[in-house]
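K.L.:
predicted structure and sequence below. I'll ask about it afterward.
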Amino acid sequence: MGFPGTWMTESESMVYRVVPKCACSTIGQIMFYSDHGRFYDGDIHDATEGLHKWAREDSQPAIKANVKTRSSYAFTCVRNPYTRILSSFFDKICGIQRNGKRYRGNLVPLLIQKYGIEVGGDDGQQEFDQIRSFRRFLLFVRDTIRWRRPMEPDIHWSAMSGHVSTFIVNGGRYDQIFWTEDFNAGMQGVLDKVQTRHPVDLTQIPRFNESEGHGPKRLHPVEDYFDDLSMHLVYEIFKRDFELFRYDFENPANKMPVGEIDLAEVHAKLGD
């Protein structure tokens with residue numbers, strides 16, 4: 001299976017397991033900058049040079065050799081499941097993607113037809129009942145994850161623990177997992193442990209939120225989107241994420257973690 005979703009600097013200073021919707025654009029650009037002293041011109045997900053990626057066949061031998069021998073500092077970044085699934089809805093379902101089209105072609109028409117979801121019209125900018133549509137989207141997410149229909153789960157809303165685990169199961173080991181919600185402290189923790197070709201000053205690094213502006217603005221506080229049933233569905237889907245990464249399931253309004261991540265526990269529970 002290898003190491004899907006794994007990126008590594010060309011200098012092999014650090015290895016990162018991408019978790020979608022968890023600051024991956026910013027992290028990728030920081031890795032690129034640390035090697036080249038400049039940012040990639042465009043969305044880092046489109047970069048085909050300057051950064052090793054498992055999706056590039058020519059990068060796979062270098063990544064595999066490095067991870068198997070644990071030669072470099074390996075890390076990943078996670079996010080509150082409530083805000084992550086909301087972000088996926090507004091970006092991927094309601095938004096127009098950077099190619100000018102809807103995400104995954106016929107996905108949105110399918111959701112409109114089968115689940116009665118509204119997305120703000122053709123351009124995603126018209127008014128609609130965001131709360132009602134989001135809750136219906138959650139039913140779709142649950143269906144994809146539990147029964148794999150009407151399609152396989154998408155990487156943007158499948159559980160973070162699933163992404164994180166592939167790296168462990170195939171022989172990798174994380175030196176650090178940090179939270180999007182405390183990004184600067186977490187990313188600085190990584191940079192303090194590695195030697196980079198170019199110094200990185202996190203206070204000067206812009207946030208590369210590539211999904212921003214794709215879809216409508218969220219009109220309500222996070223907690224308004226989650227009634228009792230929605231919280232139950234979220235817990236059913238993301239139970240391991242809440243537990244392993246120490247997020248507060250009881251209170252959707254609290255996006256901050258409520259405890260420290262135990263790396264030994266993560267490796268033990270996701271390494272099966």
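P.N.:
The structure has been received and is ready for your questions.
K.L.:
does anything pack onto the lowest-mean-pLDDT helix or strand in the chain? Which helices or strands?
P.N.:
Of the helices and strands making up the chain, the lowest-confidence element is helix 107-115, at a mean of 93, by mean pLDDT, DSSP states H and E. When contacts are defined as 3 or more Cβ pairs under 8 Å, 6 or more residues apart in numbering; DSSP states H and E, helix 107-115 packs onto helix 130-147. The C-beta positions use only the backbone N, C-alpha and C, and glycine is treated the same way.
K.L.:
what is the orientation angle of the helix it packs on with helix 107-115?
P.N.:
Between helix 130-147 and helix 107-115, the angle comes out at 90 degrees (axes from the mean of the first three to the mean of the last three Cα atoms, to 10 degrees).
K.L.:
show me what counts as buried in helix 130-147.
P.N.:
For helix 130-147, burial by neighbour count (16 or more other Cβ atoms under 10 Å) applies to 130, 133-145.
K.L.:
dump those residues to CSV, plus distance to Val194 and pLDDT.
P.N.:
Below are the buried residues of helix 130-147 laid out as CSV (distance: Cβ to Cβ, whole Å; pLDDT from 0 to 100):
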residue, distance to Val194, pLDDT
Gln130, 41, 96
Ser133, 43, 97
Phe134, 39, 97
Arg135, 43, 98
Arg136, 44, 97
Phe137, 39, 97
Leu138, 39, 97
Leu139, 43, 96
Phe140, 40, 97
Val141, 36, 96
Arg142, 39, 96
Asp143, 42, 95
Thr144, 37, 95
Ile145, 35, 93
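K.L.:
among these, which one sits closest to Lys21?
P.N.:
Minimum distance to Lys21 across those is 12.8 Å, recorded for Val141 (Cβ to Cβ).
K.L.:
gap between the closest one and Val200?
P.N.:
35 Å (Cβ to Cβ, to the nearest Å).
K.L.:
starting at the chain centroid, how far to stretch 106-123?
P.N.:
23 Å (Cα atoms, centre = their mean, to the nearest Å).
K.L.:
got it, and stretch 28-45?
P.N.:
18 Å.
K.L.:
which of the residues in it are buried?
P.N.:
Neighbour counts over stretch 28-45 (16+ other Cβ under 10 Å) mark Gly28, Gln29, Ile30, Met31, Phe32, Tyr33, Ser34, Asp35, His36, Tyr40, Ile44, His45 as buried.
K.L.:
likewise stretch 4-17?
P.N.:
5-17.
K.L.:
tell me the mean pLDDT for that stretch?
P.N.:
Averaged across stretch 4-17, the pLDDT comes to 98.
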